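Trainee: Mind looking at a prediction? Sequence and model below.
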Amino acid sequence: MPRPSLVRYTGLAGSLLLAVAAWLGGASSPWKPNVTPGTIFSGDNGVLLPVSWLAGTVLLIGAWWVGRRDVPSLRWAYLTAALWAAPLVPFLPLASYDVYSYACQGWQQAAGLDPYSGGVDLLGCPWADAVSPTWSDAPAPYGPVFLVLAALAATVGGSLAGTVAVLRLIAVLSVAVIGWCLPMLARRAGVPPERAVWLFLACPLVPIHLISGAHNDAVMVALLVAGLAVAQAAITWPRMIAAGVLLGLAVGVKATAVVVLPFALLLLPKPWWRAAVALGGGAVAALVGVSLGAGLGLGWVTGLSGSGVSVQWTALPTAVGLTLEVLGVPSAVPVTRVLGMITLAVVLVVLWVRAFSRDAVHYAGLALAATVLLAPVFHPWYALWPLAVLAATVRKETRWLVAPFAVAAALCLPDGYNLALVTKTQGAVGMTVLAGCLAWKVLHEANQHSRRPGAAHGGGDRLHRAP
């Protein structure tokens, strides 16, 4: 069997096994975390569930890893990624209960309540028993754009199952938009479009967390890459405004998307004051328009403060703080988190200055990577923010780009239990040591990329095409 076919059907086998795991132990309603390392080792979950999850995850990651070396065509990449995602669509959400929080926030918005004023314990929700207790008292931390989409899902879906189905449809359509935009970004950067599509769409994080888990990151990333694609071809005033609108809508899903706006500005034709007015005006108009249309203010900005309740070593500043606490330094995590945000601000400025004379889209991807790396909280699906851009701009595919995503794809058990919880000390120390190496590699890649001729328009290494 030719290797591309072997890759395709190995990954499909992995996806089918993960579908079995979702059927047997996915995130169900009411909330009941029934799959943990303890229950697996005690035999409470039987044999089929843990074996299906483990084997499926290994096969899917392995096929993606091997497949990156030989992507026959753009059509082949699209079809293979679709085959891997399809088995997970009909079953329970994998690896997270977040979609049930989305459903309740959408119900609150549709009912005329203010999701920014409290959680389900205060405002109520007919499906409140499906929401994780961690978030039951938390206001919605998402922007008005997503709340409008969630309200639409709750209205159309009616029931919890129907609402989840509509939210999953929104996620699938968002992934399709990402797949459509990636070749545009890749061709301009001199990257083989089939490889860019493969690196993102076939990444196991996509079928597990965007398709099955229906995370709203799919919507944010779709708007980001669409905004960047429009911005890099924007030579007229209406197109510059359109780019701003798309990026503003991305910020209206998750506020972290704002880090891309300064880099998008560098893609527009001079004079930059004119570009800034068009881009910024479009972004602000989109945010204000959706907020006013939905009857919401800017409460989602203050709602972001509740997202830091998670304390896990997967976030670098938190890992450093946990390591210091192991060494005897008291209450180090809040301090290292603040230092992480300060460091992030400095890194973003440095990246933006360097992007003036280089590939601004690539540096936007590095800015997203820095945001994910230095934020106080990390969840596996956050890794998809930078991957969508870097997959289309890293001209020489390297293991340093792929390896972290492979690890992130294996962190969550079928119903959402994060394995980082049982490796708190070991993970914190290991993350602290390895993060230094990763930071050096990111900066080295940025420096090497900037020295290559034609970084923004061509000259990238092509992958070998199968006959």
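Mentor: Received, thanks. Numbers count the residues shown, from 1 in each chain.

Trainee: what about A77, distance to I61?
Mentor: 17 Å (Cβ to Cβ, to the nearest Å). Yep, even glycine has a C-beta here, placed from its N, CA and C like the rest.

Trainee: Who has more neighbours out of those two?
Mentor: A direct count of neighbours by other Cβ atoms under 10 Å for A77 and I61 places A77 higher, at 27 against 21.

Trainee: Confidence-wise, which helix or strand of the protein is lowest on average?
Mentor: Least confident element among the helices and strands of the chain, by mean pLDDT, DSSP states H and E: helix 299-303 (a mean of 65).

Trainee: buried sites along the longest helix along the chain?
Mentor: The residue-count maximum for a helix in the chain (DSSP state H) belongs to helix 160-189. For helix 160-189, a neighbour-count test (16 or more other Cβ atoms under 10 Å) marks 160, 163-168, 170-172, 174-175, 177-179, 181-189 as buried.

Trainee: C-terminal to it, what's the next element?
Mentor: Toward the C-terminus, helix 160-189 is succeeded by helix 193-201 as the next helix or strand (DSSP states H and E).

Trainee: average model confidence for the helix or strand following that next one?
Mentor: Once the chain leaves helix 193-201, the next helix or strand it forms, by DSSP H and E, is helix 205. The average pLDDT within helix 205 is 97.

Trainee: The helix or strand following helix 205 versus helix 160-189: what angle between them?
Mentor: Per DSSP H and E, the first helix or strand lying C-terminal to helix 205 is helix 217-231. Counting by axes from the mean of the first three to the mean of the last three Cα atoms, to 10 degrees, helix 217-231 lies at 30 degrees to helix 160-189.

Trainee: avg pLDDT for the helix or strand harbouring A364?
Mentor: Using DSSP H and E, the element containing A364 is helix 360-374. Helix 360-374 shows a mean pLDDT of 94.

Trainee: now do stretch 10-22
Mentor: On average, stretch 10-22 scores 97.

Trainee: quick one: contacts of that stretch?
Mentor: 48-49, 52-53, 55-64, 67, 80, 83-88, 90-94, 202, 207-208, 212, 414 (Cβ atoms under 8 Å, 6 or more residues apart in numbering).

Trainee: do the same with stretch 151-160
Mentor: By Cβ under 8 Å, 6+ apart, the list of residues contacting stretch 151-160 reads 29, 100, 102-103, 106-107, 109-110, 126-127, 130, 162-167, 170, 294.

Trainee: now with 6 Å?
Mentor: Under the contact criterion Cβ atoms under 6 Å, 6 or more residues apart in numbering, stretch 151-160 has outside partners 103, 106-107, 109-110, 127, 163, 166-167.

Trainee: Can you tell me what sits against stretch 338-345?
Mentor: 317, 374.

Trainee: Buried residues, it. List them.
Mentor: Counting neighbours by 16+ other Cβ under 10 Å, stretch 338-345 gives 340, 343-344 as buried.

Trainee: Extract the residue ranges of this protein that are flagged as low pLDDT.
Mentor: For the chain, the stretches with pLDDT under 70 are 1-2, 298-309, 397-398, 435-436, 438-439, 441-467.
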